[in-house]
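K.L.:
predicted coordinates and the sequence they were generated for:
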Amino acid sequence: MARVVVDVMPKPEILDVQGQAVSRALTRIGVSGIEVRQGKHFELEVDDSVDDETLHRIAADLLANPVIEDWTVTRV
């Protein structure tokens, strides 16, 4: 079994409302100079027979919305 990490983030041109809320909260508690973008992090335990093409298809079809999100797939 191998561990695979899929990180999904909103595309740069997409408004990240959750990230903005965290950034504003940081300002309210006196922390400045930080801009937050919030995404999703998935850890998958996969059989060694699962190829990279299948992993990317899973990310595109199930874990991310390709219209508004980018993703990376990393074998750890």
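P.N.:
On my side now, so go ahead.

K.L.:
per-residue pLDDT of the nearest residue to residue 7 once chain neighbours are set aside, please?
P.N.:
Distance criterion C-beta to C-beta, 6 or more residues apart in numbering; nearest residue to residue 7, sequence neighbours excluded, is residue 72 at 5.1 Å. For the C-beta atoms, the positions are set from N, CA and C on the backbone; glycine is no exception. Residue 72 is assigned 98 on the pLDDT scale.

K.L.:
please apply the same query to residue 75.
P.N.:
Value for residue 75, per-residue pLDDT: 96.

K.L.:
what's near enough to touch it?
P.N.:
By C-beta atoms under 8 Å, 6 or more residues apart in numbering, residue 75 lies in contact with 2, 3, 4, 52.

K.L.:
same thing but 10 Å
P.N.:
Residues in contact with residue 75 (C-beta atoms under 10 Å, 6 or more residues apart in numbering) are 2, 3, 4, 5, 44, 46, 50, 52, 55.

K.L.:
list buried residues within the residues you listed.
P.N.:
4, 44, 55 (16 or more other C-beta atoms under 10 Å).

K.L.:
make CSV out of those residues and add secondary structure, distance to residue 35 and pLDDT.
P.N.:
Below are the buried ones among the contacts of residue 75 laid out as CSV (DSSP: H, G, I helix; E, B strand; the rest coil; distance: C-beta to C-beta, whole Å; pLDDT from 0 to 100):
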residue, secondary structure, distance to residue 35, pLDDT
4, strand, 28, 98
44, strand, 29, 98
55, helix, 30, 98
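
K.L.:
closest one of those residues to residue 11?
P.N.:
residue 55 (20.2 Å; C-beta to C-beta).
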